[in-house]
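In: My questions are about this predicted structure, shown below with the sequence.
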There are 2 protein chains.
Amino acid sequence: MNEREKILRLLAYRTVLQRFRSMGFIRVFSDNIAEVLDISSSLVRKDFSAFGISGTQKGGYHIEDILTRIQGIIGFSEPQRVIIVGAGRIGQALMHYSGFRSSGIEIIAGFDIDSARQNPAAEIPVLPMELLEDFIREQKVRIAVLAVPESSALACFDRLVRAGIRGVLNFTPHKLKGDAGTVVSNINIEHELTNLIYLVNQQWQVPSERHTIIS
Amino acid sequence: MNEREKILRLLAYRTVLQRFRSMGFIRVFSDNIAEVLDISSSLVRKDFSAFGISGTQKGGYHIEDILTRIQGIIGFSEPQRVIIVGAGRIGQALMHYSGFRSSGIEIIAGFDIDSARQNPAAEIPVLPMELLEDFIREQKVRIAVLAVPESSALACFDRLVRAGIRGVLNFTPHKLKGDAGTVVSNINIEHELTNLIYLVNQQWQVPSERHTIIS
C-alpha cells in the first residue's frame, strides 16, 4: 500500500513536470509541484532527496533532471503488453483508452465470452475466452485488466493466474486478493462514487445531522 | 485521505457481509472478514468497536447488526442523483454501469459537446453542454462524474463548480484539486495500470536489475 502510494506519486510528479516543461519552464520549486498536486512541499523535497535529486544553487530543481531520474525508476524500456478480459462497455472503453500508449502500454487483445463482441480482425482483436490461456502462454503476457461481470470475476482471475498472469487491474466489484506471485489493484467505481457522495453529504448537511465516523 | 480510506473500508465491509449473508451465514468472525479483504483482523475489530458494534458472547459478530449499523452511517435515505460530463467511451460505460443503482445512485443525465453523442430522448438523456449549468441548477445536482478529454478537464471542472456541483469523480488524467466547498476524487486509470506493471516488473526481474525505490 505504501509502495503503491509512492509509485503513484512518482507518476503524478512526472505528469506535472511534463506539463510545466510544455509551458516553457526549465526549473521548478517544490512549492510549485506541491500546489498543483495538493500535497506538502516537504513531501516533494523528501521524495526528490530520496531519488538523489538535489536542488540548484539558486533554489529549485531542473525539470529535465527530475524527469530523467523518474524515467529511470518507473519508465519501461520496452512496450508493456496487456490484455483486457471482458469486452463489455468498460472493457471496450479501456481497450481504446488513449492515455496508455504514451506510457508505453500496449493493449494487444481483448477476450469475451459473447461471440457478438468477438472480432479477431479488429486492430485490437477481441478473441473468444477459449483462446485465453494459449494466448497468454504464447505471447508471454503478464498483465491483464479484468472487466467481466462480478459473477465471473473470481473464475476469470483464477484462469488468468494459472495461465501465467502476474498483475491484474480489477474493475469488477469483486475485490480480488493478490499473493506472493500476483499483484492485484482493485478499482471499485461504485465504492469510489458512493464514498464521494458520502463526503459531500457530510459537508453540506446541517451539523446536527452529521453522523460520527470512525476515527 | 484517511477519512476516504475509512469510508472505502466501510463499503468493503458491507459488500463482504452482504455476500456472507447471501451464503446463509448469520455470524462472522473478524478473521473471516479480514481474510477476504486482505487486511488485519485487529483493524476489523478496531473499526467495529469504533462503530459501537460489539461481538456476541460466543465470539463473532451478527452480520445483520453490522449491516444495519453501516447502513446508518453510509446509507443514503434517498436516491443520489448524479450527472456524467463527457459521453465518450468511458462516459457511456459509466452511464450504464449496473452497480450504481443498488447503491442508491441514479445517473440522471449525460452531457457532451458532440451532437452525434447527444440524445435527449434516451432513457438516460445525453444533452448538449450548453444546457449544463441550467440543468444543474434546476435539478439541484451536487455530484458529477467527469469523463471529458484531458484538455477540457479544467474548464469543465470550473463550470461544474460554478454551477453548484459539490463533488466530482474525475476520470480524466488531469488531476483536479478540491477545496473547502468541493470534494474531488481522482481516478487515473493510466497511472493505476503503470503502477501495477511497475510492481510486477520489480517482482519478476532478477534482483540485480531491480531499481531502488524511495523509502
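Out: Cool, got the structure. Numbers count the residues shown, from 1 in each chain, chains lettered A, B, ... in the order given.
In: May I have the longest strand seen in chain A as CSV, with CA atoms only?
Out: Criterion DSSP state E: the longest strand present in chain A is strand A:105-112. Extracted C-alpha coordinates of strand A:105-112, given in CSV (Å, rounded to 0.1, in the frame of the first residue of the first chain):
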residue,chain,number,x,y,z
ILE,A,105,1.5,0.4,-22.5
GLU,A,106,0.0,-1.6,-25.4
ILE,A,107,-3.3,-3.3,-25.3
ILE,A,108,-2.7,-6.3,-27.5
ALA,A,109,-6.1,-8.2,-27.3
GLY,A,110,-9.4,-8.4,-25.6
PHE,A,111,-11.3,-11.5,-24.7
ASP,A,112,-15.1,-12.1,-24.3
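In: Quick check: neighbours of that strand in the sheet, parallel or antiparallel?
Out: When pairs are called by DSSP bridges, strand A:105-112 turns out to pair with strand A:80-85 (parallel), strand A:126-128 (parallel).
In: for it, the distance to its chain's centre please.
Out: 16 Å (Cα atoms, centre = their mean, to the nearest Å).
In: next one: stretch A:76-85
Out: With Cα atoms, centre = their mean, you get 13 Å for stretch A:76-85.
In: now the strands for chain A?
Out: A:27-28, A:61-62, A:80-85, A:105-112, A:126-128, A:143-146, A:167-170, A:183-186.
In: Which residues outside the longest one are in contact with it?
Out: Residues outside strand A:105-112 that contact it (Cβ atoms under 8 Å, 6 or more residues apart in numbering or on different chains) are A:76, A:79-88, A:91-92, A:94-95, A:97, A:100, A:118, A:124-129, A:131-132, A:135, A:139, A:141, B:190, B:193-194, B:197. All C-beta spots, glycine's among them, are computed from the backbone N, C-alpha and C.
In: Please identify the buried residues of that strand?
Out: A:105, A:107, A:109-112 (16 or more other Cβ atoms under 10 Å in any protein chain shown).
In: pretty sure residue A:160 is touching residue A:137, no?
Out: No: in this structure, residue A:160 is not within contact of residue A:137 by Cβ atoms under 8 Å, at 11.7 Å.
In: In terms of packing, which of those two has more residues around it?
Out: Shown here are residue A:160 and residue A:137; by other Cβ atoms under 10 Å in any protein chain shown, residue A:160 has more neighbours (25 against 11).
In: list the contacts for residue A:152?
Out: A:86, A:113, A:172.
In: repeat for residue A:25
Out: Each residue near residue A:25 by Cβ under 8 Å, 6+ apart is listed here: residue A:63.
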